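Q: Need a 3D model of the following:
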Amino acid sequence: MTDNFKFGRIFWIFSYILLSGDILTQVAAENEQSMCSFYGNCASNNKNPPGHYLCIVKHAPKPLDDVSMGILRQLCPELTNKYGKDLCCNGDQVRDLQKSFALSLPLLSRCPSCLYNFRQAFCDLPCSPIQSTFLSVNETLKGTENDETPSAKSVNYAIGAEYIQKTYESCKDVVLSSTNDVVMKAICGSWGSYHCTPQRWFEYMGDGVGNSFVPFTIHFEFRDKVEDGVENSGLIGINQPTYACSEVAPGESVKCSCVDCLGSCPAPPPPREKVDWTIKFEYGPEEHKITVFTIVGGITVIILIVAFKPILKRIHKATQSSGTEFEYAIVKFFTSLATFCARKPLFVIVPGTIVVVVFSCGIAMLEITTDPVELWASANSRSRIEKNYFDSTFVPFYRTEQLIVTAVDLPPILHVTATGNESFGPIFNLEFMKVLLDLQTAIAHDVNGNDPDSGDPVFLKDICFKPLDPANTNCATFSYLGWWQNNYTEILKSAPREDKNGNPVEDGSVDNYLDHFKYCSLNPSSPTDTTKLKLSCMGEYGGPIEPTVALGGFLDSTYLPLDPPYKDATTAVITFIVNNHVDKKEQRKAKAWEAAFIQFMHEYVKKENKMSAHMKIAFSSERSIEDELDRQSQNDIVTVAVSYLIMFLYIAVALGEQHSWGRLAIDSKASLGLLGVTIVLFFCIFVYWIFWIFWCKSDTYYCRSDSISGPSSWG
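A: Residues are numbered from 1 along each chain as shown. Have a look, this model is predicted:
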């Protein structure tokens, strides 16, 4: 027992020494890893928005003050829970991170898992106490006389390829509510959503040259295994845990919705199994069903025809006999009626005239309408009821005024972009754009109608929709020219193209309006492009301009592909948005301007200018349908008058017999034709009265009928 006891004690002491050594080694390793490569803000980067380069240091993490710790705990709870208060960032960096996240996190907040995955990389970058294991200096900026601490103009960030892949997969389908498109279209730079990949996404988020929201350049090193590349860069790398969009992330209670995550959508029901069918207790394949039933049906019809042929003959003979009797009865009735009217004309004409005159009083309520909604949708229909509810609860949908301008006989524009030689559609001809911009400006600022109530001039600015008013008083105008803020000077701007290090490219190519267009067509909601021009893609009114709305003529089919060739556009669509109102009286100012707009465009297309031969212009306004209906109604009056005149002449020529000038009125049957036309007119008036009595609501006095001049509405 004594020997065993001694042996056990020795073994325990030896194990304790080994265990203590492992613990001390692990603690020493952690202390060695807990080292800051950067701490605090140094030199300003002179960007818009302004930012700072990180100060290059080499010291242990420092405690973060309580206020900043509270902010960071809300922004990066995973980081603070794991490492506590000793971090590699100070209060200024935390507030910079807060400002940065204020722009990016709302875009991804619809999907909690995506948000969780995304923020980890950018929480670790400034604050992780082990940042020295995955961050290093790439390019140094010397300190100043006041502060000799060097700054990091660019950094290396070793990160796991698995992490960025899964983060991208969890975020790629998240929808941006303001544009009803995927968020990747706004946060993947010039690649857009279609060409975006995990690597391109992170490279854009680290592009300190092309992305003005990045304070310094981040060179991501994507590691299949985080330890790969340690020999070259000395960085171990970091690979944070991620969650699929269909999973609930830590600290969250829900997963992403089906709209933002395909994996969250319920599985569709399985297809129905193929069921065999039976004829005379024998199974047959389903594809023979039509053939069998056709043969059986044909035989059945033949049998029925043969069997019922005698019966059909008897029915035909009886019908022929009854038809003859019915025709004789009709002839006899109308002969008697005509004889009675001829013998007692006053007894027929006077009461008939009185009845027609009395019943024609309803014509006083006649009201012609050309409103297409009133004409083509019943007041009691579900669509009208729902529309009325929407209009009264909110406001009617906006009135739209449009120009559709197609470039004719203009060559494509060739340009060397960052990806090589490319061809652009003829609407990007600079002279074409200049003339079109002048036209758009004239419509927006010069065209004016007269207010029907006050007589004051009405301009577009008085009736248009201004979504950001009063901060931005520009009208909502959707035009591809808006990508340059409707400013020809902006269109003419160009700048030498630079590489990622800010040096001019070897081929001497430049960024110009075509590069800006290419970027904006993929990312229309971006406040600045990634070209050297650094122009905004937002319209002059302060909102995005979708290429699907502003461009046309770039599709070979009716379906919009995932990667639309917007650069091949041959047609420019300019849309002016005008406020609408439930009260039709409040619409009169808009209609007055629309009438002036239509008149202006009629005159414009008749004028000659530099691009007249190369511009095919179509235009419309909200009132265009009403104007067309009114025009057709006016034309119908002439048509009806001519048709009745021809009918009158037909009666006089075909039925008349001229024996002498004294009996001309009688023999030519002119009186017969005149009275016939008069009777038809009185009958139409009588029909109006009937509609008014039985079909119209007493509180609206409105109905429809087909008159002799075509469809019209009256009350």
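
Q: For stretch 181-201, what is the spacing between the initial and final residues?
A: 17 Å (CA to CA, to the nearest Å).

Q: Need the residues that contact that stretch.
A: Contact with stretch 181-201 is made by 104, 107-108, 161, 164-165, 167-169, 171-176, 179, 204-205, 207, 210-211, 220, 222, 418, 518-519, 522-526, 529-530, 562-563, as judged by CB atoms under 8 Å, 6 or more residues apart in numbering. In this view, the C-beta of every residue, glycine as well, is placed from N, C-alpha and C.

Q: Only the buried subset of these, as a ChimeraX command please.
A: Only the buried entries of these go into this ChimeraX selection, using 16 or more other CB atoms under 10 Å:
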select :104,107,108,161,164,167,168,169,171,172,173,174,176,204,205,207,210,211,220,222,418,518,519,522,523,524,525,526,529,530
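
Q: which ones among the contacts of stretch 181-201 are found in strands?
A: Of those, the ones assigned to strands by DSSP state E are 175-176, 220, 222.

Q: Setting aside sequence neighbours, what's the nearest residue to residue 471?
A: Of all residues not flanking residue 471 in the chain, residue 542 sits nearest, at 7.7 Å (CB to CB, 6 or more residues apart in numbering).

Q: sorry, back to before: from the ones in strands among the contacts of stretch 181-201, which single one is nearest residue 150?
A: Distance to residue 150, by CB to CB, is smallest for residue 220 among the ones in strands among the contacts of stretch 181-201, at 22.2 Å.

Q: roughly how far apart are the closest one and residue 424?
A: 32 Å (CB to CB, to the nearest Å).

Q: ok, now residue 460?
A: Taking CB to CB, one finds residue 460 at 30 Å from residue 424.

Q: show me what contacts the nearest residue to residue 485 once chain neighbours are set aside?
A: In this structure, residue 485 finds its nearest non-sequential neighbour in residue 540, 4.7 Å apart by CB to CB, 6+ apart. Each residue near residue 540 by CB under 8 Å, 6+ apart is listed here: 474, 477, 482, 485-486.

Q: Tabulate these (JSON lines), appending distance to residue 150, pLDDT and secondary structure.
A: Listed next are the contacts of residue 540 as JSON lines, based on distance: CB to CB, whole Å; pLDDT from 0 to 100; DSSP: H, G, I helix; E, B strand; the rest coil:
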{"residue": "474", "distance to residue 150": "45", "pLDDT": "95", "secondary structure": "coil"}
{"residue": "477", "distance to residue 150": "49", "pLDDT": "96", "secondary structure": "strand"}
{"residue": "482", "distance to residue 150": "44", "pLDDT": "96", "secondary structure": "helix"}
{"residue": "485", "distance to residue 150": "40", "pLDDT": "95", "secondary structure": "coil"}
{"residue": "486", "distance to residue 150": "45", "pLDDT": "95", "secondary structure": "coil"}
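
Q: what about residue 383, neighbour count?
A: Residues near residue 383, counting by other CB atoms under 10 Å, number 10.

Q: Residue 650 now?
A: When neighbours are counted by other CB under 10 Å, residue 650 registers 11.

Q: and it, what element?
A: According to DSSP states H and E, residue 650 maps onto helix 624-650.

Q: now do residue 593
A: Under the criterion of DSSP H and E, residue 593 resides in helix 588-606.

Q: Would you mind listing the buried residues in that helix?
A: Neighbour-count burial for helix 588-606, counted by 16+ other CB under 10 Å, picks out 588-598, 600-601, 604.

Q: For residue 613, state which of these is nearest.
A: Using CB to CB, the buried residues of helix 588-606 come closest to residue 613 at residue 604, 14.7 Å.

Q: Quick check: closest non-adjacent residue to that closest one.
A: residue 439 (6.9 Å).

Q: Poorly predicted segments of the protein, please.
A: In the predicted model of the chain, residues 1-33, 143-147, 226-233, 274-293, 316-323, 362-368, 500-501, 652, 654-670, 691-715 satisfy pLDDT under 70.

Q: hang on, residue 618 packs against residue 404?
A: Yes: if you go by CB atoms under 8 Å, residue 618 and residue 404 touch, sitting 4.4 Å apart.

Q: ok, the two, which is more surrounded?
A: Neighbour count, other CB under 10 Å: between residue 618 and residue 404, residue 404 has more, with 16 against 13.

Q: ok, residues contacting the helix or strand harbouring the more buried one?
A: According to DSSP H and E, residue 404 maps onto strand 399-407. Residues outside strand 399-407 that contact it (CB under 8 Å, 6+ apart) are 425-427, 429, 432, 436, 439-440, 443, 552-553, 570-580, 587, 590, 594, 597, 601, 614-622.

Q: on that earlier part again, which strands or helices does the helix holding residue 650 pack on?
A: Contacts defined by 3 or more CB pairs under 8 Å, 6 or more residues apart in numbering; DSSP states H and E place helix 624-650 against helix 372-376, helix 670-694, strand 710-714.

Q: Which one of these lies nearest to residue 131?
A: Here helix 372-376 is closest among the helices and strands packed on helix 624-650 (CB to CB), at 63.8 Å.

Q: How far does the closest one sit from its chain's centre?
A: In this view, helix 372-376 has its centroid 26 Å away from the chain centroid, taken as CA atoms, centre = their mean, to the nearest Å.

Q: next structured bit after that helix?
A: Next element after helix 372-376 (DSSP H and E): helix 382-393.

Q: how about the residue lying closest to residue 161 once chain neighbours are set aside, what does it touch?
A: Among residues not flanking residue 161 along the chain, residue 222 sits closest, at 4.5 Å (CB to CB, 6+ apart). By CB under 8 Å, 6+ apart, the residues touching residue 222 are 159-161, 164, 199, 202.

Q: quick check, residue 422 in a strand?
A: Yes: judged by DSSP: H, G, I helix; E, B strand; the rest coil, residue 422 forms part of a strand.

Q: Wait, it touches residue 415, no?
A: Yes: applying CB under 8 Å as the test, residue 422 and residue 415 come out as touching, 6.0 Å apart.

Q: Find residues that contact each of the two.
A: The contact sets of residue 422 and residue 415 overlap at residue 514 (CB under 8 Å, 6+ apart).

Q: Between the two, which is the more surrounded one?
A: Taking other CB under 10 Å, residue 422 and residue 415 do not tie; residue 415 has more neighbours (19 against 16).

Q: Lovely, talk soon.
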